[in-house]
Every structure is written in C-alpha cells, then in structure tokens.
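Asker: From the sequence below, what's the structure:
(one chain, ligands or ions: 1)
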Amino acid sequence: MRTEPVADARPRGRVAAAWHWIDDRVGLSAVMPFMRKKEVPVHRHSFWYYIGGMALFLFGLQIATGILLLFYYRPSAEGAYESVQFLMAEVEFGWLIRSIHSWGANLMIFMALVHLFSVMLLKAYRAPRELTWMTGVGLLFVSMGLGFTGYLLPWNELAFFATRVGTEIPGVMPVVGPFIRNLLRGGEDISGATLTRFYALHVSVLPALAFMLVALHVLLVQRHGMSVPPGIEAAGGPKRTIKFFPHFLLRDLVGWLAALAILAAVAAFFPAHLGVKADPFAPAPAGIRPEWYFMFMFQTLRYLPATIMGVEGDVLGILGFGAVGLVLLFVPFLDRPRGPEARPGKLWTWLAFAALGYILLFTYLGYTFNPTT
Ligand code: HEM
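Answerer: Below you'll find the predicted structure:
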C-alpha cells in the first residue's frame, strides 16, 4: 500500500532554520494547534472580551516598570524615601517609569474590576469555567494586596499613616486580630520592619502568586475558548467568529498601544507624588485615606455603630466583607440553574448591579466625607 508523504507544515526559509532548531528541541509545533484553535465569537457584547487582555497587558507593564524601579529603590526606613526622591529628580526618565507604575497599578485594578463585573453580567463563569472565575477572584485579591504593599514603599507621610490605619483594621478582630496586625507590621507599630515585610511581599511573594494565577487563568481561557452569553445563546448563537490568532490579537494590540499612550500622557501631566518623608513621631496628618479601591470598605466601617447587638461594629463589618469575599469566590457554584431545561436566573445579575451600586455610592461618600459635620 502506497502512503502519501507527510507534508512538513513547519515554516521554510531563513527564519525557518532557527525555528526548526528550536522546534526539534522544545517541540513548539505540538502546541501550535492548541494556540491556533481559539475562535472569538462576534456579537453585540464582544467588546468585553478585550478587557481581560487589557488587564493582562497592564500586569506585564507593572512587572516591566517594577523591575526598572528596583535598580534604584532601597528598601529601608533610612534610605527608601531618599532613593525615590533621587529617582524622581536625578535619574533620566525615572519620574516617568515611577509615574507609569503608579498610574498603571490603579488602571490595572480598575480593569480587573470592570472585567469581573462584565464576566459576572455575561455569566461567563458557568461550567466549565468555574476555575477560570476562581483564579480571577484570586488575581483581584492579589492585585489589591500589591496595591496595599506598594503604597508604603516610598516611605512618605501619607503612606505611613494610611498603612497604620490599614493594618489597625484587622487588629480589631477578637483573638487573631492582634496577631495578624503584628504579623503584617513586624512588631507593635509601623517601622522599618514593616517596610521590609511589605517589600518582600510586593516584589516577590505577591508577584509570584500573581504570575502563577495569571498563567493558570489564561491557560484555562485558552482551553475552554470564549464563552457566549446566555442571551446570544438563546437567540441561536453568534452569527460569526474571528480567529484569535492573529485577528483578535492584533485588535488587542491596538488597545494596548492606546493604553500605553494614555498612561504615558497622564504620567507626564500628573507625575506620582512623593510628599514629605514619614516621621513616626509626627501627629497623623489630616485627610488620611486609603487607595480608591479600598474606600467603599473604609467608609462602611466609618458608618457602622460602635456596637451592634453587643458585638463591635468594626468586627461585624470585617466579618461581613470576609463573607462577601467568600461568596464572590463561589459564585459559579451558587448560581446554578436547577433542572435540565432551566435557564440561568436573574438573581445574580441583580446582585451584581446591587454590589456595583454599593461600591460606587460608598466610594463617593468616602471622598466627600467630612468628619467635622
Ligand atoms: C489581573 C487580573 C486579570 C487578568 C490579567 C485576566 C485576564 C484574562 C484574559 C486575558 C481573559 C480572556 C479575554 C477576556 O475574556 O476578557 C480572561 C477571561 C476570563 N476572566 Fe480574567 N483576568 C483577570 C481577572 C479576572 C477576575 C477578577 C475575574 C472574575 C472574578 C476573571 C474571570 C474571568 C473569566 C470567567 C474569563 C472567561 C471569559 C469567557 O470565557 O468569556 N478574571 N481573563
């Protein structure tokens, strides 16, 4: 029996020699079908598919700018502030890199939140994407942890006192509270030991965690392909799809370049502040407040009465937010249509809108709050 010679699908030409060399050793051509198989559905909600990619780009940008900052930053209470001052004033484009890192962190968390709500409203967490959702929630928490730990690193007055308040909050919990507070602080109060801990968390522990979660998240997205929202499914599915590689990725790239241009412009017009150096013995300045993404929780704790049914208000508040965090993690298992014919319900859509409304309202109240009235 004659068999047709198997066509070699690998690229030819000059570059091909390098490709063959690598492919023979690494086996890249085995993963190419996996990379190429992804199709992106085109429908009226397709825009939201770009947001996760945007968060991914910003994550990469944070790693790149963060590494550059490490070449000058000194993680000690004596040298941190001065090293950042030097970077802003003396190092060529140091101010730009620091400002992009600072604005980029805010934009990344904003994009992760937009991505979370869009995924929630499009019900993209339904089976088999439960783990994609859970790794996403993990990423959001890790990103917030990166924001919290990074805030202290310039060792300026505002960051110092905001971190004192921020680490005081878990400290109100009975039994474990003081232990958690002292573990975070590396002692009773904020000191050089806190800076060392936050630095270790910010540049190694949390980025390593984020990296693993991002890898798993993106691998799962690649494995399951993009989901189609229930409304589009019910209307007979998307009319057409486009190839992820290269068509969707090229559109992603346009968005990434635009984001980079906007970030660079914002960084140039509004460079990151440094303020004055932290002085642990100075009185706390007025207007201490957390980063915007913690504001709604901070404001909620402010409004809670001292005791609710004999329990400290703050303790109940913290437990409440912990419970909401757990519910968020398990949304794919809680929002389960019952019965074989059941359509996904509206309850979780309303809950998502209610949560969004709550976050927006309490963030607004936090920024307009006047403690003297
Ligand atoms: C830094 C944080 C994050 C990065 C870098 C990231 C990245 C991505 C990327 C590149 C995609 C594919 C494109 C898209 O659907 O937008 C995706 C999809 C997805 N993400 Fe994220 N993500 C992050 C956070 C989150 C969060 C906070 C959640 C929700 C809790 C989440 C849940 C999902 C789900 C369920 C999908 C699948 C969407 C579908 O199949 O339609 N992600 N993510």
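Asker: give me phi/psi at the closest residue to the ligand within the stretch 151-300 of the chain?
Answerer: Of all residues in the stretch 151-300 of the chain, the one sitting closest to the ligand is Ser227 (3.7 Å; CB to the nearest ligand atom). Where you see a C-beta, it was placed from the backbone N, CA and C, and this is true even at glycine. Main-chain dihedrals, Ser227, degrees, to the nearest 10: phi -80, psi 160.
Asker: Skipping its backbone neighbours, what lies nearest it in space?
Answerer: Among residues not flanking Ser227 along the chain, Ala124 sits closest, at 4.3 Å (CB to CB, 6 or more residues apart in numbering).
Asker: Those residues of the stretch 1-150 of the chain touching the ligand, which are they?
Answerer: Proximity of the stretch 1-150 of the chain to the ligand (CB under 6 Å from any ligand atom) is limited to residues 49, 51-53, 55-56, 59, 112, 115-116, 119, 124-125, 129, 132-133, 136-137, 139-140, 143.
Asker: okay, now Leu107: neighbour count?
Answerer: A count of nearby residues for Leu107, using other CB atoms under 10 Å, gives 20.
Asker: other SSEs contacting the strand or helix carrying it?
Answerer: Following DSSP states H and E, one finds Leu107 within helix 94-121. With contacts taken as 3 or more CB pairs under 8 Å, 6 or more residues apart in numbering; DSSP states H and E, helix 94-121 sits against helix 49-70, helix 80-89, helix 130-152, helix 249-269, helix 292-303, helix 347-368.
Asker: could I get the longest one in PDB with only the CA atoms?
Answerer: Translated: helix 130-152. The C-alpha trace of helix 130-152 is given here as PDB (Å, rounded to 0.1, in the frame of the first residue of the first chain):
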ATOM      1  CA  GLU A 130     -15.600  27.800  37.400                       C
ATOM      2  CA  LEU A 131     -11.900  27.600  37.900                       C
ATOM      3  CA  THR A 132     -11.300  30.500  35.400                       C
ATOM      4  CA  TRP A 133     -13.500  32.600  37.700                       C
ATOM      5  CA  MET A 134     -11.900  31.400  40.900                       C
ATOM      6  CA  THR A 135      -8.400  32.200  39.700                       C
ATOM      7  CA  GLY A 136      -9.700  35.600  38.500                       C
ATOM      8  CA  VAL A 137     -11.000  36.300  42.100                       C
ATOM      9  CA  GLY A 138      -7.600  35.300  43.400                       C
ATOM     10  CA  LEU A 139      -6.000  37.700  40.900                       C
ATOM     11  CA  LEU A 140      -8.200  40.500  42.100                       C
ATOM     12  CA  PHE A 141      -7.300  39.900  45.700                       C
ATOM     13  CA  VAL A 142      -3.600  39.600  44.900                       C
ATOM     14  CA  SER A 143      -3.700  42.800  42.800                       C
ATOM     15  CA  MET A 144      -5.300  44.600  45.800                       C
ATOM     16  CA  GLY A 145      -2.500  43.200  48.000                       C
ATOM     17  CA  LEU A 146       0.100  44.500  45.600                       C
ATOM     18  CA  GLY A 147      -1.500  47.900  45.700                       C
ATOM     19  CA  PHE A 148      -1.600  48.000  49.500                       C
ATOM     20  CA  THR A 149       2.000  46.900  50.000                       C
ATOM     21  CA  GLY A 150       3.300  49.100  47.200                       C
ATOM     22  CA  TYR A 151       1.700  52.200  48.700                       C
ATOM     23  CA  LEU A 152       4.100  52.100  51.700                       C
END
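Asker: pLDDT score for the residue nearest to Ser227?
Answerer: At Ala124, the predicted lDDT confidence score is 96.
Asker: neighbours of it, just the number please.
Answerer: If you count neighbours by other CB under 10 Å, Ala124 ends up with 25.
Asker: Now do the same contact list for the residue nearest to Trp256 when sequence neighbours are not counted.
Answerer: Leaving aside its sequence neighbours, Trp256 sits nearest to Phe57 (CB to CB, 6+ apart; 4.3 Å). Neighbouring residues of Phe57 by CB atoms under 8 Å, 6 or more residues apart in numbering: Asp252, Gly255, Trp256, Ala259.
Asker: Could you do Leu116 as well?
Answerer: By CB under 8 Å, 6+ apart, the contact set of Leu116 is Gly136, Val137, Leu140.
Asker: Which one (most neighbours) among those?
Answerer: Among the contacts of Leu116, the one with the most neighbours (other CB under 10 Å) is Gly136, at 27 neighbours.
Asker: any idea which helix or strand comes after the helix or strand bottoming out on mean pLDDT in the chain?
Answerer: Taking mean pLDDT, DSSP states H and E as the measure, the helices and strands of the chain show their lowest mean at helix 28-36, namely a mean of 86. Remark: after helix 28-36, the chain's next helix or strand is strand 39-42, criterion DSSP H and E.
Asker: And the residue nearest to Trp256, what's its pLDDT?
Answerer: Looking at Phe57, its pLDDT is 98.
Asker: for Leu249, same thing?
Answerer: Here, the pLDDT recorded for Leu249 equals 95.
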